[in-house]
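>>> here are the coordinates; sequence isn't available:
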């Protein structure tokens, strides 16, 4: 999967996500590897935005490879297990990373 396809897939997941109880959440996602890149997911005013840019005023940043991130958003990889195994790295507010993981499940 190419990076652009991943961003499109995340946008599709975001459109189906109920964010009515989330006031603000900004997570930068760093995808490592040959087809890697950076995008962010922002929930603001109960709307979700997914854009292929860095987000400097974020709550946290998560770093994963493409394969593991796909498993995560497909529900085939538990975020806590991924973090424990070192497949998911968090820089910033871990609580917000957990909130993000719950949203994309």
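Nice, I can see it. Everything quoted here is computed from the prediction, not taken from an experiment. Numbers count the residues shown, from 1 in each chain.

>>> in the protein, what residue spans correspond to helices?
3-15, 66-73, 79-84, 94-104 (DSSP state H).

>>> tabulate those (CSV), appending distance to residue 60 and mean pLDDT.
Bear in mind the C-beta positions are built from the backbone N, C-alpha and C, glycine included. Formatted as CSV, the helices of the chain follow (distance: least, CB to CB, whole Å; pLDDT from 0 to 100):
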stretch, distance to residue 60, mean pLDDT
helix 3-15, 16, 94
helix 66-73, 15, 95
helix 79-84, 12, 93
helix 94-104, 5, 89
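
>>> now stretch 42-56: average pLDDT?
The predicted model assigns stretch 42-56 a mean pLDDT of 94.

>>> pull out the buried residues from that stretch.
Using 16 or more other CB atoms under 10 Å as the test for burial, stretch 42-56 gives 42-43, 48, 50, 55.

>>> quick check: end-to-end length of that stretch?
End-to-end distance for stretch 42-56: 12 Å, by CA to CA, to the nearest Å.

>>> what about it, distance to the chain center?
Put simply, stretch 42-56 sits 10 Å off its chain's centre (CA atoms, centre = their mean, to the nearest Å).

>>> which residues are contacting that stretch?
By CB atoms under 8 Å, 6 or more residues apart in numbering, the residues outside stretch 42-56 that reach it are 3-4, 7, 10-11, 14-15, 17, 19-20, 22-28, 37-41, 103.

>>> what does stretch 15-31 give?
So stretch 15-31 is contacted by 3, 6, 10, 36-44, 46-48, 54-55, 57-66, 69, 96-97, 99-100, 103-104 (CB under 8 Å, 6+ apart).
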